[in-house]
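Colleague: Structure for this input, please:
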Amino acid sequence: MRLVVLSFFIWGSLARSPSVTSVKSTRANTGTFWHLSDLHLDFYYNSAAADPSEVCPSSYGRKVENAGPYGNYRCDAPWKLINSTVYAMKEINSNPDFILWTGDDTLHTNDQDKYLSPQLVVEAIKNITDLLNEVFPDTAILSSLGNHDYHPKSQLPIGPSWLLNETADLWAPWFTDQSALDTFRENGFYRMSVTAHSDLNIISLNTPLLYTSNKAFNASAVEDPGGQFKWLEESLQNIRDLKQTAYLIGHVPPGYYELVDYKHWYYLQYNEKYINVIKKYSDVISGQFFAHQHSDTFRLFYSDSGAPLSVMWLAPGVTPWMTTLQGVNNGSNNPGIRLFEFDTVTFTPTDYEVYYLDLYKANSDNMATWKLEYRATEDYKISDISPTSMDKFMKAVASADPGCESCESNIMLQKLSLYNSVSYNTAHCDKTCQTNQVCAITEVSESGHDKCLRGAADKVKQTIAMMVVIFLCFFISS
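Modeller: As a prediction, this is how the structure comes out:
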């Protein structure tokens, strides 16, 4: 298998850049950085397979119709798609200040022992690492591990492991601080400043330790796995004392999934710990950048008095894989990547663009044409992407009437829903969709999310009751 995977990398490198369109910023004091995540390389993807159920093991045995060279919505990403993605990044913005890469590099499969191994996990990480080094040789790359970057998936233990040791060897050239590399090798998290911006600290978290699917240890008996929360608070306090700025990056986010009720990612005690850290140190945290869901979305964090404090940005996935999570309808996405702009003085993110590949068209044309999907400030009609602006935007979305086609707030709701799947799912966002989106984005805590969903359900019941009363009054009077 090693020879096969390496041959994919060599072939992909020769393929070079795809056709792409781009937009440039005119803001002063503006830097840029890419956020790339959830590539989920499927080594075994074979669009020429005679049996449609054997195109890719990531389909979980589901039939894959119309498999093309760049992948399929039921499969994880073939190398050709991943190669196309990184070269598109180069063509759109060849000189970003840095790149954030937030994990999940191996395929989904219901037979891990057959299709994956510790060696193949490392091989997938190595192939993507080599590709990024080839395409962006002079760019700082800040990375973190996802729950699929281990074998078996999600079962990352506390403390040193074969994965941390081998990944640390692969990523060592990216570390400018030996102590950060040592911390990563020991626990899977680290703090490191950006080379071109010494006052900007990237704090990379080991979020698979917080994930509900991780059964490698008894979470109910471990208050702080790996001492990560203690280390995080100490790091943020030091950054505050130095009057510097922090970006938090990681793979698995806190909070709830917007496509299905009550699905949370962290063990709830860790979820609350994370929220409390954000409340305590929001003055030094200028951005949070996570992924895992494959959807394009964000999360808002508030003070106890209700003031917007911080935004967590969840990047869309490169993989188009359709989730098998129970309750999710048509949960796929087009491949997407985010390009952020930030103020190089304050390090505040000011805007972002999402570029995407229409997978159906790419396969039909046998050409990867990456295009601008939207620019946040322009499409959402906001001045910037600060917590205050995103809170104002979500208040408008929450007040929207999904049945009013021409209403501005509903237009914003429908855009939010469309972009959530990277322009894959074009279905109308109805009241249920609106509720799930609003509650997931604005209520990260267990109690807040539950109250939000129950409040929406109570409003529906009240509306139905009122309609019954009106009907009875009309019936009696007639």
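Colleague: Now the terminal residues of stretch 176-194, how far apart.
Modeller: 9 Å (CA to CA, to the nearest Å).
Colleague: what does stretch 423-443 give?
Modeller: 25 Å.
Colleague: any idea how far stretch 440-460 is from the chain center?
Modeller: Centroid separation for stretch 440-460 versus its chain: 22 Å, with CA atoms, centre = their mean, to the nearest Å.
Colleague: mind listing the strands in this structure by residue range?
Modeller: Ranges of strands within the chain are 19-20, 30-36, 98-101, 140-143, 190-194, 197-204, 245-249, 285-290, 297-302, 308-314, 336-343, 349-357, 369-375, based on DSSP state E.
Colleague: Now do the fifth one: everything it contacts.
Modeller: For strand 190-194, the surrounding residues in contact (CB atoms under 8 Å, 6 or more residues apart in numbering) are 97-98, 140, 142, 175-177, 180-181, 183-184, 199-204, 235. All C-beta atoms are positioned from the backbone trio N, CA, C, and that covers glycine.
Colleague: switch the cut-off to 10 Å
Modeller: 31, 33, 97-98, 140, 142-144, 168, 171, 174-177, 179-184, 199-206, 231-232, 234-236, 238-239, 244-247, 347 (CB atoms under 10 Å, 6 or more residues apart in numbering).
Colleague: Show me which of those residues are buried.
Modeller: 31, 33, 97-98, 140, 142-144, 168, 171, 174-175, 180-181, 183-184, 200-206, 231-232, 235-236, 239, 244-247, 347 (16 or more other CB atoms under 10 Å).
Colleague: Off-centre distance for stretch 77-85?
Modeller: So, by CA atoms, centre = their mean, the centroid of stretch 77-85 is 18 Å from its chain's centroid.
Colleague: just checking, Phe184 touches Asn206?
Modeller: Yes - contact criterion CB atoms under 10 Å: Phe184 and Asn206 qualify, at 8.6 Å.
Colleague: Quickly list what's touching both of those two.
Modeller: What both Phe184 and Asn206 touch, as defined by CB under 10 Å, 6+ apart, is the set 144-145, 164, 190.
Colleague: closest to Leu416 among those?
Modeller: For the shared contacts of Phe184 and Asn206, the closest approach to Leu416 (CB to CB) belongs to Ser144, at 26.1 Å.
Colleague: correct me, but that closest one touches Gly103?
Modeller: Yes - counting by CB under 10 Å, Ser144 touches Gly103, with 5.4 Å between them.
Colleague: Residues that sit against both of these two, list them.
Modeller: 37, 204, 207-208, 249-252, 290-291.
Colleague: quick one: which of these sit in helices?
Modeller: Counting by DSSP state H, none of the members of the shared contacts of Ser144 and Gly103 fall within helices.
Colleague: Closest to Ser220 out of those residues?
Modeller: Nearest to Ser220, judged by CB to CB, of those is Pro208 at 17.2 Å.
Colleague: if I look at Ile99, how far off is Asn333?
Modeller: 21 Å (CB to CB, to the nearest Å).
Colleague: Looking at the two now, which is surrounded by more residues?
Modeller: Asn333 (28 against 20; other CB atoms under 10 Å).
Colleague: What pLDDT does the model give the more buried one?
Modeller: Note on Asn333: pLDDT of 98.
Colleague: In contact with it, which residues?
Modeller: Asn333 touches 38, 73, 293-296, 316-323, 356, 359, 419-425, counting by CB under 10 Å, 6+ apart.
Colleague: same thing with Tyr73?
Modeller: Contacts of Tyr73 (CB under 10 Å, 6+ apart): 59, 64-67, 319-322, 330-334, 359-360, 424.
Colleague: that older thread, and the strands of the chain as TSV, adding mean pLDDT and distance to Lys279?
Modeller: Shown next, in TSV, are the strands of the chain (pLDDT from 0 to 100; distance: least, CB to CB, whole Å):
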stretch	mean pLDDT	distance to Lys279
strand 19-20	66	40
strand 30-36	98	24
strand 98-101	98	23
strand 140-143	98	24
strand 190-194	97	20
strand 197-204	98	16
strand 245-249	98	13
strand 285-290	98	10
strand 297-302	98	7
strand 308-314	98	7
strand 336-343	98	23
strand 349-357	98	19
strand 369-375	98	30
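Colleague: Torsion angles phi and psi at the residue sitting nearest the centre point of the chain?
Modeller: When CA atoms, centre = their mean is applied to the chain, the residue found nearest the centroid is Ala291 (1.9 Å). Dihedral pair for Ala291: phi -160, psi -120, per degrees, to the nearest 10.
Colleague: for it, what are its contacts?
Modeller: Ala291 neighbours (CB under 10 Å, 6+ apart): 35-38, 100-104, 144, 146, 207, 249-253, 313-317, 338.
Colleague: now stretch 359-377: how far from the chain's centre is it?
Modeller: The answer for stretch 359-377 is 19 Å, by CA atoms, centre = their mean.
Colleague: Output that stretch as CSV, nothing but the C-alphas.
Modeller: Presented in CSV, the C-alpha positions along stretch 359-377 are these (Å, rounded to 0.1, in the frame of the first residue of the first chain):
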residue,chain,number,x,y,z
LEU,A,359,-18.0,18.5,-7.8
TYR,A,360,-20.7,17.5,-10.3
LYS,A,361,-19.5,20.0,-12.9
ALA,A,362,-15.8,19.1,-12.3
ASN,A,363,-16.5,15.5,-13.0
SER,A,364,-18.6,16.3,-16.0
ASP,A,365,-16.0,18.7,-17.5
ASN,A,366,-13.0,16.6,-16.2
MET,A,367,-11.6,19.8,-15.0
ALA,A,368,-11.4,21.3,-11.5
THR,A,369,-12.6,24.9,-11.7
TRP,A,370,-12.4,26.4,-8.2
LYS,A,371,-14.6,29.5,-7.8
LEU,A,372,-15.5,32.1,-5.2
GLU,A,373,-18.7,31.0,-3.6
TYR,A,374,-19.2,34.1,-1.4
ARG,A,375,-17.5,36.9,0.5
ALA,A,376,-18.9,37.2,4.1
THR,A,377,-19.2,41.0,4.3
